[in-house]
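1. I would like to see how this sequence folds:
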Amino acid sequence: MHPQSAIRRSSILGACGIVFIAFLALEDVAASAQSATPTSATSTSSSVSISQQHNQPEVVSHETTTFKVRVNQVLLRVVVRDSHGNAVGNLSRDAFQVLDNGKPQPITSFSLTGSQARGSSTGKKPEPEESAKVDAPQRYVAYVFDDLHVEVPDLVRVKEAASKYLTASMTPTDRAAIFTTSGRVMLDFTDNRKQLLEAIAKIQQALLMRAVSSDCPRMTAYFADQIVNKNNRELKQALVSDTVECLNLQTGSPALDAAAIATAAPLVENAAERELNNGDADMRMSLSVIRDILGRLSTTPGQRSMVLVSPGFFITDYSLMTLLFDRALHADIAINALDVCGLWTDPVLYPQKKLDKPGTQPLFERYMHESASHQNDVLAEIADGTGGVFFRNNNDLLEGFRRTSANPEFAYMLSFTPQSLKADGKFHNLKVVINNPPGLTARTQKGYFAPSRTQDAAEQTKSDIEDAVFSRDERQDIPVDLHTEFFKSATDQANVAVLTHVDLRHLTFRKEADRNLDTITVVSVLFDRNGRFVSGQEKTIEFHMRDDSMQRHLQNGIAIKSSFAVKPGDYLVRVVVRDTEGQLLSARNDTLTIP
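-> Numbers count the residues shown, from 1 in each chain. This is a model prediction of the structure:
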């Protein structure tokens, strides 16, 4: 599966009459060679209006309401560490301060994430079968190996470290994927260690955009940019002298040496033009592939991160970096970077080398240092711009994988409602400050984007549900009980029932004449054991009740049942409930195994 055709996260809610119809279009998943259950994605929808007339369905017209800033909540996952790098999990809400573009914001919700709550059970029945509980995937890490820029010796070392790490460190709730920036090796998310190790073993240096070049002239994308675009004569002269030396063109005769320089100069110019074009193509492919992998990651129902394994590369178009940051931030995905070069030794630090190679060699080595620093800075920018960590200047690559893949023991979930937020689509910088105790640092996403225009209630519901479905975080703004069970209809076929009970007493109803109005949306989704979307259903329940009917429903709540035809296997069930008037949201998880 090439990243260009990787699974894409589609809009969950769409307009079709009064109620929702479309769910997801993930046909690429079924085509994946790694798909454990080649079930085509399905979509169903239903609408029920609860009214005074014996709860019979009734079509009710909707009044469009404008999006209110007060409900545009920003959710943050915050990891707090002490001076030794240990995660801290004993802080209260008062210890945190959230700054939105430097302005303090009141925290509206606060929780400490840990073990995931299980779905509630209403007791065993002989028929249908009670679903067994399995370890649901909770963390997805995409390892992206930059085979377009890495040198062979570094690639050998980093492949060995990656294999050791995945062999020893994966847990039952971890899922990993292996990708390369060339697209030659692509393994979707799995917990199969054998497949992961086989994928890593297949990774080789990929020179897609260039032929294997000689050492003379010694050209990098940074050098090429300096010569072609910056007209850096000093660097060009140093490269010409270096080329004369490495080709053994110098003779000691002024006339012959002048001829050698005349021979070397066009070699440097041609190499610079070629490297600039090839480097630009490699860079664009690398960033495009990374963006596509971010799209795949955004569809996984859990904690998501990427580990970019690379020596770094030269950036000629920073607008592409902006697109990368936008996609990562919108999907709340951190990109952690691991520099495969390890401890880099600056040749300028060794005076004996200057004596061995007099003349322009020290100048050439200075530019080599600048080239390496620029590549390193690109990795730092990618990590910093997406809220990730950067492991560099260290030969212990196994430790590098531990740090860039690590799942913090504690994470705080904070939310706030931006004050005086304008619908201008602008980026807002976020910072979380720990007031007390001192010496603690907080890491979270770098920011968020304001809405580009005013959203109506339907659009806001659509956006909230879409974000909640592809998450593992549980919320209980509305009390919701979840229960799953299944019937085996055949050896290779089963019907899964997802039963959701909603307590209506926390809802806010809008009074219109003698009626109490609200609408709740219930989305039930099945993912397979590796987080691939299998099927989803949405039901819309409209309330249009007089006071006496409302009291009866408040007392009893409502039960919603969704049914799915699936094959035997392990599944993650995700249910999201969202109401329109109060704009509250609940999300629950459950797991089941169908033998």
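
2. rest of the way, CA atoms for contacts and neighbours
-> OK.

3. average model confidence for the lengthiest helix in the chain?
-> Longest helix of the chain, by residue count under DSSP state H: helix 254-297. For helix 254-297, mean pLDDT rounds to 87.

4. ok, stretch 316-332 next?
-> Rounded mean pLDDT across stretch 316-332 is 78.

5. and it, which residues are buried?
-> Buried residues in stretch 316-332, counted by 16 or more other Cα atoms under 10 Å: Thr316, Leu320, Met321, Leu324, Phe325, Asp326, Arg327, Ala328, Leu329, Ala331, Asp332.

6. run through who's touching the host helix or strand of the fourth one.
-> Spelled out, that is Leu324. Using DSSP states H and E, Leu324 sits in helix 318-330. By Cα atoms under 8 Å, 6 or more residues apart in numbering, the surrounding residues in contact with helix 318-330 are 284, 287, 290-291, 294-295, 334-335, 382, 385-386, 445-449.

7. highest neighbour count among those residues?
-> With neighbours taken as other Cα atoms under 10 Å, the top of these is Ile335, carrying 30 neighbours.

8. you'd agree it is up against Phe391?
-> No - counting by Cα atoms under 8 Å, Phe391 is not a contact partner of Ile335; they are 11.6 Å apart.

9. mind listing what the helix or strand where Ser109 lies pairs with, with the direction of each?
-> Per DSSP H and E, Ser109 falls inside strand 107-113. With DSSP bridges as the test, strand 107-113 is paired with strand 411-416 (antiparallel).

10. quick one: contacts of the host helix or strand of Val79?
-> Secondary structure assigned from DSSP H and E places Val79 in strand 74-81. Residues from elsewhere that reach strand 74-81, judged by Cα under 8 Å, 6+ apart: 87-89, 408, 410-418, 432, 440-445, 448.

11. and the next element down the chain from that strand?
-> Counting by DSSP H and E, what follows strand 74-81 is strand 96-100.

12. neighbouring strands for that next one, and are they parallel or not?
-> strand 103-105 (antiparallel), strand 427-434 (antiparallel).

13. of the buried residues of stretch 316-332, which is the nearest to Val228?
-> Closest to Val228 out of those is Thr316 (12.1 Å), distances taken as Cα to Cα.

14. host element of His544?
-> Judged by DSSP H and E, His544 forms part of strand 533-545.

15. same question for that strand, mean pLDDT?
-> 91.

16. export it as PDB, just CAs?
-> Taking Å, rounded to 0.1, in the frame of the first residue of the first chain, the C-alpha atoms of strand 533-545 are listed here in PDB:
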ATOM      1  CA  PHE A 533     -12.400   0.800  10.600                       C
ATOM      2  CA  VAL A 534     -14.800  -2.000  10.000                       C
ATOM      3  CA  SER A 535     -18.300  -0.500  10.200                       C
ATOM      4  CA  GLY A 536     -20.300   2.300  11.700                       C
ATOM      5  CA  GLN A 537     -23.800   3.400  12.300                       C
ATOM      6  CA  GLU A 538     -25.400   6.700  13.400                       C
ATOM      7  CA  LYS A 539     -28.900   7.200  14.900                       C
ATOM      8  CA  THR A 540     -30.500  10.600  15.500                       C
ATOM      9  CA  ILE A 541     -33.100  11.000  18.200                       C
ATOM     10  CA  GLU A 542     -35.200  14.100  18.100                       C
ATOM     11  CA  PHE A 543     -37.100  15.200  21.200                       C
ATOM     12  CA  HIS A 544     -40.300  17.200  20.800                       C
ATOM     13  CA  MET A 545     -42.200  16.700  24.000                       C
END
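
17. quick one: it to chain centroid distance?
-> Centroid separation between strand 533-545 and its chain, computed with Cα atoms, centre = their mean, to the nearest Å, is 27 Å.

18. again with stretch 563-576
-> 23 Å.

19. residues contacting it, please?
-> Where contact means Cα under 8 Å, 6+ apart, the residues beyond stretch 563-576 that reach it are 37, 39, 134, 136-137, 465, 468-469, 482, 492-498, 500, 521-529, 531, 535, 585-595.

20. filter those down to the buried ones, PyMOL style.
-> Buried subset of these, written as a PyMOL selection, criterion 16+ other Cα under 10 Å:
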select buried, resi 37+39+134+136+137+465+468+469+482+494+495+496+497+498+500+521+522+523+524+525+526+527+528+529+531+535+585+586+587+588+589+590+591+592+593+594
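
21. among the contacts of stretch 563-576, which lie within helices?
-> Using DSSP H, these in helices are Ile465, Ala468, Val469.

22. give the contact list for the last one.
-> Val469 sits next to Pro301, Val525, Arg574, Val575, Val576, Ala587 when contact means Cα under 8 Å, 6+ apart.

23. alpha carbons of the helix or strand harbouring Tyr165, as PDB, please.
-> Taking DSSP H and E as the definition, one finds Tyr165 inside helix 152-169. What follows is helix 152-169 as a C-alpha-only set of coordinates in PDB (Å, rounded to 0.1, in the frame of the first residue of the first chain):
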ATOM      1  CA  VAL A 152      24.100   3.000   4.400                       C
ATOM      2  CA  PRO A 153      26.200   2.700   7.600                       C
ATOM      3  CA  ASP A 154      23.700   4.700   9.600                       C
ATOM      4  CA  LEU A 155      20.800   2.700   8.100                       C
ATOM      5  CA  VAL A 156      22.400  -0.600   9.200                       C
ATOM      6  CA  ARG A 157      22.800   0.700  12.800                       C
ATOM      7  CA  VAL A 158      19.300   2.200  13.100                       C
ATOM      8  CA  LYS A 159      17.600  -0.900  11.700                       C
ATOM      9  CA  GLU A 160      19.300  -3.100  14.300                       C
ATOM     10  CA  ALA A 161      18.300  -0.700  17.100                       C
ATOM     11  CA  ALA A 162      14.700  -0.600  15.800                       C
ATOM     12  CA  SER A 163      14.400  -4.400  15.700                       C
ATOM     13  CA  LYS A 164      15.800  -4.700  19.200                       C
ATOM     14  CA  TYR A 165      13.400  -2.100  20.500                       C
ATOM     15  CA  LEU A 166      10.200  -3.600  18.900                       C
ATOM     16  CA  THR A 167      11.200  -7.100  20.000                       C
ATOM     17  CA  ALA A 168      11.600  -6.200  23.600                       C
ATOM     18  CA  SER A 169       9.200  -3.300  24.200                       C
END
